[in-house]
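In: this is the structure alone, sequence omitted:
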């Protein structure tokens, strides 16, 4: 334990508050560059990003264009998986107007709530987060006083208060699912972190800004009963060293069967998630 | 929207609601060894800490000051010891506490009560009463009334 790292003498190193102010300034500048969720952009913007870059990436981005046509970026603040999921799922509800799906997910939310209480979380610690997510779900359905259109949905997901409360609600749900099924998740958690299930939840799930990987995705998808596709854009080239097909993994909760393409499709690049739009939805989403 | 920043921003509506709920829960079920000194200030709590029996701090009494930011619980409260801070390898003589959950590992899932329990557990597991090795330098650097939340903490050792 120590208040600083040692090494440089205290005269020639900046004070902690100066360093922090600097970090905040960088973060603020970053925030101005990119909202919590960006605008929907054609996939060609991704191609432009890799134009002069790694040829494997370039080939893969080209292949990506066969199945997907647009991307919406999420801010890289450690919450990008949860933030992308929030927007993508709410947009799916908005477009499909699927009230039965909202009722179904609300039942799962009730189960998560019971799990949290059984695990010893007091209701007042999560109820505000829960009700803000349920409000967003209801507003995504048509014909209500509070109904939103796509632009309002974007605004809400960019609003710090709403956006962070929904992200935090997903962190509660994810943590409860992992702890409820600790035996199932334990081997995966040991594989990536060397922590106990409870330590992992306290250190890598519940604090804001902690990044997500397949453990978080599996848990959230199972808890809410929402299938999630993650498309992996990396430098791997298959066994023959030439394959530049883009791999994906579908996280399908056990309660779901016969899922074609999951309603939530995310693009993963090492350390970051964004939202992808499939060609299948191209017509409907270009209204 | 106003651009001026008041010195201490008042609690948001949702933060005030949440704190009311924490206070009610505390009154029914306070964490063992702690006593909240009742005031009409919801944004600053003064809490008495009693060292646990059978530990180095048994029969000793300390005071914690907990200040809540406007967007609590998304942001951690500032928690410091006031008056005579306990002599402990993770507690500086200016009352600042080196405990990860107060800074980087804070989660909105935590409460004042869970913070208190962590602090008592930190006190109880001490094997010697000593200040942190860098106490003097750290306290000197904080002389302008800096908040511990502006410190870059390194949490090397979670045994004590």
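Out: Looks like it arrived, so ask away. If you're wondering where the values come from, they're calculated on a predicted model, not measured in any experiment.
In: what does chain B put close to chain A?
Out: When proximity is defined by Cβ under 8 Å from any Cβ of the partner chain, chain B lies next to chain A at B:14, B:17-18, B:21-22, B:25, B:71, B:73-74, B:89-90, B:92, B:98, B:104-111, B:132-134, B:137-138, B:141, B:146, B:150-157, B:160. Where you see a C-beta, it was placed from the backbone N, CA and C, and this is true even at glycine.
In: residue boundaries of the strands in chain B?
Out: Secondary structure of chain B by DSSP state E: the strands cover B:34-37, B:44-50, B:61-67, B:78-82.
In: give me the mean pLDDT for the shortest one.
Out: Mean pLDDT, computed over strand B:34-37, is 94.
In: which elements pack onto it?
Out: Contacts defined by 3 or more Cβ pairs under 8 Å, 6 or more residues apart in numbering or on different chains; DSSP states H and E place strand B:34-37 against helix B:13-28, strand B:44-50, helix B:112-124.
In: now render these as TSV, adding mean neighbour count, mean pLDDT and distance to residue B:34.
Out: TSV is the format used below for those (neighbours: other Cβ atoms under 10 Å in any protein chain shown; pLDDT from 0 to 100; distance: least, Cβ to Cβ, whole Å):
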stretch	mean neighbour count	mean pLDDT	distance to residue B:34
helix B:13-28	15	94	9
strand B:44-50	17	96	6
helix B:112-124	19	97	5
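In: so can I have a markdown table of these showing distance to residue A:159?
Out: Output for these, formatted as a markdown table (distance: least, Cβ to Cβ, whole Å):
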| stretch | distance to residue A:159 |
| --- | --- |
| helix B:13-28 | 13 |
| strand B:44-50 | 28 |
| helix B:112-124 | 27 |
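In: relative to residue A:110, which of the ones you listed is closest?
Out: Across the helices and strands packed on strand B:34-37, residue A:110 has its closest neighbour in helix B:13-28 (20.4 Å, Cβ to Cβ).
In: list of residues touching the closest one?
Out: Residues outside helix B:13-28 that contact it (Cβ atoms under 8 Å, 6 or more residues apart in numbering or on different chains): A:122, A:124, A:128, A:161, B:11, B:36, B:42-43, B:68-73, B:111-113.
In: any of those buried? List them.
Out: Among those, those classed as buried by 16 or more other Cβ atoms under 10 Å in any protein chain shown are A:122, A:128, B:11, B:36, B:43, B:68-69, B:71-73, B:111-113.
In: tell me which residue is most central in chain B.
Out: Geometric centre of chain B, nearest residue: residue B:79, 2.4 Å, by Cα atoms, centre = their mean.
In: what about that residue, distance to chain A?
Out: According to Cβ to the nearest Cβ, to the nearest Å, residue B:79 and chain A sit 16 Å apart.
In: quick one: residues contacting that residue.
Out: B:64-67, B:97, B:102, B:115, B:119.
In: try residue B:110
Out: Counting by Cβ under 8 Å, 6+ apart, residue B:110 touches A:125, B:73, B:101.
In: residue A:53: neighbour count?
Out: Neighbour count for residue A:53, taken as other Cβ atoms under 10 Å in any protein chain shown: 10.
In: among the contacts of helix B:13-28, which are located in helices?
Out: Mapping the contacts of helix B:13-28 onto helices (DSSP state H) picks out A:124, A:128, A:161, B:112-113.
In: nearest to residue A:224, of the residues you listed?
Out: Top of the list for closeness to residue A:224, among the ones in helices among the contacts of helix B:13-28 and by Cβ to Cβ, is residue A:128 at 18.6 Å.
In: hmm, the closest one is touching residue A:162, no?
Out: No. Taking contacts as Cβ atoms under 8 Å, residue A:128 lies outside contact range of residue A:162: 11.5 Å.
In: check contacts around the residue lying closest to residue B:142 once chain neighbours are set aside.
Out: Leaving aside its sequence neighbours, residue B:142 sits nearest to residue B:94 (Cβ to Cβ, 6 or more residues apart in numbering or on different chains; 5.7 Å). Going by Cβ under 8 Å, 6+ apart, residue B:94 touches B:80, B:85, B:138-139, B:142.
In: give me the below-cutoff pLDDT ranges for the chain.
Out: Answering for chain A, as no chain was given. Low-confidence segments of chain A (pLDDT under 70): A:1-32, A:283-287.
In: um, chain B though
Out: Chain B contains residues with pLDDT under 70 at B:1-8, B:156-160.
In: would you map the helices across chain A?
Out: Ranges of helices within chain A are A:16-33, A:44-49, A:55-67, A:80-96, A:99-118, A:123-140, A:150-158, A:160-180, A:182-193, A:197-200, A:214-224, A:282-285, based on DSSP H.
In: looking at those, which is nearest to residue A:275?
Out: In this view, those are compared for proximity to residue A:275 by Cβ to Cβ, and helix A:80-96 is the closest at 4.9 Å.
In: hey, what's the angle from the closest one to helix A:214-224? Just curious.
Out: If you take axes from the mean of the first three to the mean of the last three Cα atoms, to 10 degrees, helix A:80-96 sits at 30 degrees to helix A:214-224.
In: other residues contacting helix A:80-96?
Out: The contact list for helix A:80-96 (Cβ under 8 Å, 6+ apart) reads A:36-37, A:72, A:74-75, A:101-102, A:136-137, A:140-141, A:148-150, A:153-154, A:157, A:163, A:166-167, A:170-171, A:211-212, A:216-217, A:220, A:226, A:228, A:263-266, A:272-275, A:281, A:284-285.
In: hmm, which of these are the buried ones?
Out: Using 16+ other Cβ under 10 Å as the burial test, those include A:36-37, A:72, A:74-75, A:101-102, A:136-137, A:140-141, A:148, A:153-154, A:157, A:163, A:166-167, A:170-171, A:212, A:216-217, A:220, A:226, A:228, A:263-266, A:272-275, A:281 as buried.
In: no further questions, thank you.
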